[in-house]
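[1] got a predicted structure here, sequence first:
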Amino acid sequence: MLRILIRKPHYKLLKSHNYKFYSLIRQLGYSLTRKKSENSNQTEVCIDKPTKWPSGRRANFDFHEETEAAMNEQINVELMAFYYYLSMAAAYFGRVDVALPGCESFFMQMHHDEHEHALRFFNYVKMRGGKVHLCAISPPNDQDWKCPLHAFKVNLFCVQINSFVYVNFLQTALQLEIEVSKKLIAVNVIAEKHGDLNASDFIITGFMEDQMKSVNEFGRLTTALSGVGDQALARFLFDKDLLENYVMSNFNVLKNKFQRRKFDK
């Protein structure tokens, strides 16, 4: 308990000069009471913390617990992919002895996209009056990618997320995107099962089209990389093409959008 003792003259001065004493206390989220001491010329202001805060369930409107749990799992699936792409960008392609800026920038961009997806689910669960539960994220077992094709195609992955277990099997970046897509579909099925049209619309319009584009993009890149082999010149040309046609093109699109918004303001 926090007690503030203020003498009567000073308390009247604060009140008369409108120093927003009461509003400041309310902003701190505490209840304010005043007690007058019997044997002293002081006014005692007692600030008590409430015994129980109001529940967030007040904002919950038809947000079923099963849908909430599925979305929490999806948050951790997106964070798993986020950590996976960060490992590829920072732990391998960004190294001085590898120096493939196209691959590094591409996977760093994918890392930012997955992080944004996780935050969108995070904010949606909060908006619906639910609770966010985060799980531990394990890194990929093998972080020495050896070559771009290995990074695009092969990774031994071992991580457990609630009821979803990925244990010691060949996991590709393409397969990872397919797994994320399957999980999104599963979350949508649960939302439709409970008649949650808002959650279903959030998943379908906000994620599914981009997810299908990612699957197609990784399929094309894997096919192209499988054909060039592992020679130094082939790696250089593939990395150069990746930087110019994927990374810089997306950067220019984002730059134009930002400039348009700035001009509109």
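    Looks like it came in fine.
[2] how about the strands of this structure, start to end?
    Here the chain has its strands, by DSSP state E, at 2-7, 31-36, 42-48, 156-161, 164-170.
[3] and the ones you listed, which one averages the lowest pLDDT?
    Looking at the strands of the chain, the lowest mean pLDDT belongs to strand 164-170 (a mean of 27).
[4] mind listing the helices for the stretch 51-200 of the chain?
    For the stretch 51-200 of the chain, applying DSSP state H, counting those that start in this stretch gives helices covering 65-88, 101-127, 148-153, 173-193, 197-203.
[5] turn those helices into a markdown table, columns for mean pLDDT, distance to residue 232 and mean neighbour count.
    All C-beta atoms are positioned from the backbone trio N, CA, C, and that covers glycine. Shown next, in a markdown table, are those (pLDDT from 0 to 100; distance: least, Cβ to Cβ, whole Å; neighbours: other Cβ atoms under 10 Å):
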| stretch | mean pLDDT | distance to residue 232 | mean neighbour count |
| --- | --- | --- | --- |
| helix 65-88 | 90 | 20 | 21 |
| helix 101-127 | 91 | 14 | 19 |
| helix 148-153 | 58 | 12 | 22 |
| helix 173-193 | 90 | 22 | 18 |
| helix 197-203 | 94 | 43 | 18 |
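[6] do you know which of these lies nearest residue 238?
    Proximity to residue 238 (Cβ to Cβ) singles out helix 148-153 among the helices of the stretch 51-200 of the chain, at 6.4 Å.
[7] of the helices of the stretch 51-200 of the chain, which is nearest residue 244?
    Nearest to residue 244 among the helices of the stretch 51-200 of the chain is helix 101-127 (7.8 Å), distances taken as Cβ to Cβ.
[8] which elements pack onto the closest one?
    When contacts are defined as 3 or more Cβ pairs under 8 Å, 6 or more residues apart in numbering; DSSP states H and E, helix 101-127 sits against helix 65-88, helix 148-153, helix 232-242.
[9] out of the helices of the stretch 51-200 of the chain, nearest to residue 95?
    helix 101-127 (9.0 Å).
[10] before we move on, back to that, ok, which of the helices of the stretch 51-200 of the chain comes nearest residue 133?
    Closest among the helices of the stretch 51-200 of the chain, using Cβ to Cβ: helix 65-88, at 4.8 Å.
[11] ok so, going back, with distance to residue 245 added, can I get the helices of the stretch 51-200 of the chain in CSV?
    Formatted as CSV, the helices of the stretch 51-200 of the chain follow (distance: least, Cβ to Cβ, whole Å):
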stretch, distance to residue 245
helix 65-88, 19
helix 101-127, 9
helix 148-153, 15
helix 173-193, 18
helix 197-203, 30
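[12] quick check: which of the ones you listed is nearest to residue 236?
    Per Cβ to Cβ, nearest to residue 236 of these: helix 101-127, 9.3 Å.
[13] got the angle between the closest one and helix 232-242?
    For helix 101-127 against helix 232-242, the angle by axes from the mean of the first three to the mean of the last three Cα atoms, to 10 degrees is 40 degrees.
[14] if we can go back for a sec, for residue 241, which of the helices of the stretch 51-200 of the chain is the nearest?
    helix 101-127 (7.3 Å).
[15] gap between residue 119 and residue 125?
    To residue 125, residue 119 is 11 Å away according to Cβ to Cβ, to the nearest Å.
[16] for residue 195, grab phi and psi.
    phi 70, psi 30 (degrees, to the nearest 10).
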